[in-house]
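Q: Predicted model and sequence below, questions to follow.
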Amino acid sequence: MEIIAVLNDEIHINQDLAIECALLHDTIEDTNISYEDIYEQFGKLTAQGVQALTKYKKLDKEVQIQDSLERILNQPVEIQMVKMAARITNLGKPPDFWTKNKIIHYKDESIFLFDKLFNANKNLADRLKLKIDTYRKYIE
C-alpha cells in the first residue's frame with residue numbers, strides 16, 4: 001500500500017499505527033473480526049482507527065463515505081493518510097462489470113475524499129490527485 005512509501009519521510013507520525021491500520025483497514029468491513037478483537041490484539045488507537053476506516057453498511061450508500069470521512073477526520077493524521085493510501089491503491093482499472101455511472105461515482109467520491117484529506121500528507125495528496133486525473137480515462 002502507498003502508506004509504506006511515505007513513512008520514511010514522516011518522522012513525526014506514529015508509524016506503527018499507520019502500518020497496523022493500513023493492514024487492517026478493511027478487516028471489520030470484510031471479515032467476522034470485530035472492533036473488540038482488534039482492540040484486544042492491537043490496542044485502542046488501532047481499533048479506533050480501523051473502525052473509523054470502516055464504512056457502515058447499514059447507512060445508505062450515498063452517505064457511507066461522508067460518514068466514514070467525518071470519523072476519520074476525528075482520528076490522528078495517520079488514519080487520514082491510510083485512507084488516502086487505500087484510495088490510491090484502489091484507483092486502478094475499474095472492474096469490467098462496473099457501469100459508467102459507477103466509475104463516475106467512484107471518481108467523484110475520490111475527489112470528495114481528496115478535498116477532505118489533502119492536508120494530511122502532501123506526498124499522498126499529490127499521488128491521489130494524479131491517480132484521480134489518470135482515472136478519468138476510464139470515463140471517456
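A: Yes, it's here. Numbers count the residues shown, from 1 in each chain.
Q: how about the residue nearest to Ile79 when sequence neighbours are not counted, what does it touch?
A: Sequence neighbours aside, Gly49 is the residue nearest to Ile79 in space, at 4.4 Å (criterion: CB to CB, 6 or more residues apart in numbering). Any C-beta I mention is one placed from the backbone N, CA and C, and that applies to glycine too. Counting by CB atoms under 8 Å, 6 or more residues apart in numbering, Gly49 touches Leu17, Glu20, Cys21, Gln75, Pro76, Glu78, Ile79, Val82.
Q: from those residues, which two are the most distant?
A: Glu20 and Gln75 (12.9 Å; CB to CB).
Q: Just say helix, strand or coil for the closest residue to Ile13 other than its chain neighbours.
A: Closest residue to Ile13 apart from its sequence neighbours, by CB to CB, 6+ apart: Glu78 at 5.4 Å. For Glu78, the assignment made with DSSP: H, G, I helix; E, B strand; the rest coil gives helix.
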